[in-house]
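>>> I'd like to go over a predicted model; first the sequence, then the structure.
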Amino acid sequence: MLYRLCRDILYGMLKLFYGLKVVGAEQLPEKGPVIVVANHTNLIDPIVVGCSLRQRQVCFMAKEELFRIPFFGGLLRRLGAFPVKRGQGDRGAFRSALEVLSAGKVLGMFPEGTRHKDGKIHPLRPGAALLAVESGAMILPMVFTGTRGLSLFRFPRIRAYVGSPFKLEGPAAKKDLIREGTDQIFTRLTELRKNTGAGMENG
């Protein structure tokens, strides 16, 4: 209930101030575990993902420090977020992510690992592929433009493009499947950006 309320308010703000337009939101599977993988350009990106995929709640990792802030940390947890220690392998966050997927929920991830302002898709970290292999979750690629140009007094048009869901499967050994899966996610994101308006905008 709280998640839906916050999402609807933020969605209205994104529509009003940034003209948010979403293409392909119907690609999100109606049920079952899903990992949404998206490019990352701005701190607002998790909000854009959640507001673009309004059919289901999207859970995100958030840096551990945010959960230490009075009231705000509790709010994040109620919104489905969970903490991760940045700059190190966090097994607790990995287990939490697997729990989200085991419950048949949607997990949002930015596999580039950090924000990039040039609009390109950069080499990915293997975490998304690893979780997909371990959980059997579907992977949903998503790219958006406009957020990298966003600032306090700038209101660029935000466009979100959602691709077709896919699954990492094959006879390869687990290690090879994760490596190949990471390459496949990179290819899907790159092609989605190229084949939609995202590849032509200055977002």
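Perfect, thanks for sending it.

>>> separation between Lys117 and Ser151?
Distance, Lys117 to Ser151, using Cβ to Cβ, to the nearest Å: 12 Å. Using the backbone N, CA and C atoms, a C-beta is placed for each residue, glycine as well.

>>> again with Tyr11
20 Å.

>>> the two: which is more packed in?
A direct count of neighbours by other Cβ atoms under 10 Å for Tyr11 and Ser151 places Tyr11 higher, at 18 against 9.

>>> what's around the closest residue to that one other than its chain neighbours, how many residues?
What sits nearest to Tyr11 in space, not counting adjacent residues and going by Cβ to Cβ, 6 or more residues apart in numbering, is Cys51, at 4.2 Å. Neighbourhood size, Cys51 [other Cβ under 10 Å]: 24.

>>> need the pLDDT of Cys51.
Cys51 carries a pLDDT value of 96.

>>> can you tell me the helix or strand for it?
Per DSSP states H and E: Cys51 is located in helix 45-52.

>>> contacts for the helix or strand just after that helix, please.
Sequence-wise, the next helix or strand downstream of helix 45-52 (DSSP H and E) is strand 58-63. Outside strand 58-63, the residues that touch it by Cβ atoms under 8 Å, 6 or more residues apart in numbering are 36, 46, 49-50, 76, 80-84, 86, 93, 96-97, 100, 105-109.

>>> out of those residues, which end up buried?
Neighbour counting by 16 or more other Cβ atoms under 10 Å classes 36, 46, 49-50, 76, 80-84, 93, 96-97, 100, 105-109 among the contacts of strand 58-63 as buried.

>>> related to what we said a few turns ago, so the residue nearest to Tyr11 sits against Leu14, correct?
Yes - with contact defined as Cβ atoms under 8 Å, Cys51 counts as touching Leu14 (5.6 Å).

>>> mutual contacts of the two, please.
Residues touching both Cys51 and Leu14 (Cβ under 8 Å, 6+ apart) are Leu20.

>>> now Val162, what are its backbone angles?
The phi/psi pair for Val162 (degrees, to the nearest 10) reads phi -110, psi 130.

>>> who's it bridged to?
On the basis of DSSP bridges, Val162 is bridged to Met142.

>>> dump the residue contacts of Lys174.
Applying Cβ under 8 Å, 6+ apart, we find Lys174 in contact with Val133.

>>> actually Glu112, sorry about that
Going by Cβ under 8 Å, 6+ apart, Glu112 touches 39-40, 121-125.

>>> which one of those is nearest Gly170?
Leu124 (18.2 Å; Cβ to Cβ).

>>> quick check: the closest residue to that closest one other than its chain neighbours vs Arg148, distance?
In space, and not counting its chain neighbours, Leu124 is closest to Pro111: 4.1 Å by Cβ to Cβ, 6+ apart. Pro111 sits 17 Å away from Arg148, going by Cβ to Cβ.
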